[in-house]
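Trainee: okay, here's the prediction I keep looking at, along with the sequence it came from:
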Amino acid sequence: MESVLQAVSHGWPYFIGLCVFVNIVGWIWLKREETRRKLELADHLRKLIPASGPVRSDESALDTVDDRIDTFIADITDLLQNHRGDKEVSAMVNRLTIKDESRPDMKTHRFETWYSLFRTFAEVFPLLGIVGTVIAIWAGLSASGADADKVGKVVTNFGDSVISTALGLAAAIVFMFVNAWFEPGFERWLAYKEQVRDIINIAKHGLIGVATRGGDTA
């Protein structure tokens, strides 16, 4: 038991370092995934808007992908709310209601799960540092011999406990800033899912209204 605790105590800083590396890779993946999904969504929304339609906002080279998505969503919403039976707009409505409900770029469950996990790690790192300190003290107190020898072991393991605590606190601070930097973009992209759902609902209601008017005319 003593040897196991000593090994864990010595290896704990390396374990925290491994967790830091995994988090760095995870945040890089999250950012790349967010950027890729946003670009796909912007391209898809742009293609939905009829080129010769009554509503199409100008695009600027300075616009961010979020600006473009917001603009395209506003344009599509305006087209749907003012739908008067135009052929191209009708095709857009049909595509929205039939095909676009199951678009893969709007399936966000996996992204949300990993985002929640890596965001939580910022709060876990200080606890990992504390655990390393506890293990180092435990390993010293579990050593065989007199009390003086145990105290000597605790002092010997103190270096590992300090390293574990420092790594845990440093990692927590860094990843809290990382989360604060990336969170607005992530949350904004996740909000696009609800906005697209709202667009689809508007399209569905538009189809129902058109069908009703057609039945009344008949």
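Mentor: Sure, I can see it.

Trainee: hey, where'd the helices end up in this protein?
Mentor: In the chain, the helices defined using DSSP state H lie at 2-48, 65-81, 87-98, 109-141, 147-217.

Trainee: make TSV out of these and add mean pLDDT.
Mentor: Compiled in TSV, these are given as follows (pLDDT from 0 to 100):
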stretch	mean pLDDT
helix 2-48	87
helix 65-81	82
helix 87-98	69
helix 109-141	86
helix 147-217	75
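
Trainee: output these as JSON lines; include the columns mean neighbour count.
Mentor: For every residue, glycine as well, the C-beta is placed using N, CA and C. Below are those laid out as JSON lines (neighbours: other Cβ atoms under 10 Å):
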{"stretch": "helix 2-48", "mean neighbour count": "16"}
{"stretch": "helix 65-81", "mean neighbour count": "19"}
{"stretch": "helix 87-98", "mean neighbour count": "16"}
{"stretch": "helix 109-141", "mean neighbour count": "17"}
{"stretch": "helix 147-217", "mean neighbour count": "15"}
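
Trainee: I figured Leu190 hits Thr108, correct?
Mentor: Yes. With contact defined as Cβ atoms under 8 Å, Leu190 counts as touching Thr108 (5.7 Å).

Trainee: which ones are touching Glu187?
Mentor: For Glu187, the contact set (Cβ atoms under 8 Å, 6 or more residues apart in numbering) is empty.

Trainee: do you know how far it is from Val22?
Mentor: With distances taken as Cβ to Cβ, to the nearest Å, Glu187 is found 23 Å from Val22.

Trainee: which residue is nearest the centroid of this protein?
Mentor: The centroid of the chain falls nearest to Tyr115 when counting by Cα atoms, centre = their mean (4.0 Å).

Trainee: mind exporting stretch 44-51 as CSV, just the C-alpha atoms?
Mentor: The C-alpha coordinates for stretch 44-51 follow below in CSV (Å, rounded to 0.1, in the frame of the first residue of the first chain):
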residue,chain,number,x,y,z
HIS,A,44,-26.6,26.6,-46.7
LEU,A,45,-28.7,29.7,-45.7
ARG,A,46,-27.1,31.8,-48.4
LYS,A,47,-28.2,29.1,-51.0
LEU,A,48,-31.7,29.1,-49.6
ILE,A,49,-32.3,32.8,-50.4
PRO,A,50,-33.5,33.3,-54.0
ALA,A,51,-30.9,35.3,-56.0
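
Trainee: and it, how far out from the chain middle?
Mentor: Averaging C-alpha positions (Cα atoms, centre = their mean, to the nearest Å) puts stretch 44-51 26 Å from its chain's average.

Trainee: same thing with stretch 75-83?
Mentor: Its chain's average C-alpha position is 30 Å from that of stretch 75-83, according to Cα atoms, centre = their mean.

Trainee: list the contacts for the nearest residue to Ile16 once chain neighbours are set aside?
Mentor: Of all residues not flanking Ile16 in the chain, Leu167 sits nearest, at 4.5 Å (Cβ to Cβ, 6 or more residues apart in numbering). Residues near Leu167 by Cβ under 8 Å, 6+ apart: Pro13, Ile16, Gly17, Val20, Phe125, Gly129.

Trainee: list just the nearest of these to Glu34.
Mentor: Comparing the contacts of Leu167 against Glu34 with Cβ to Cβ places Val20 closest, at 21.3 Å.
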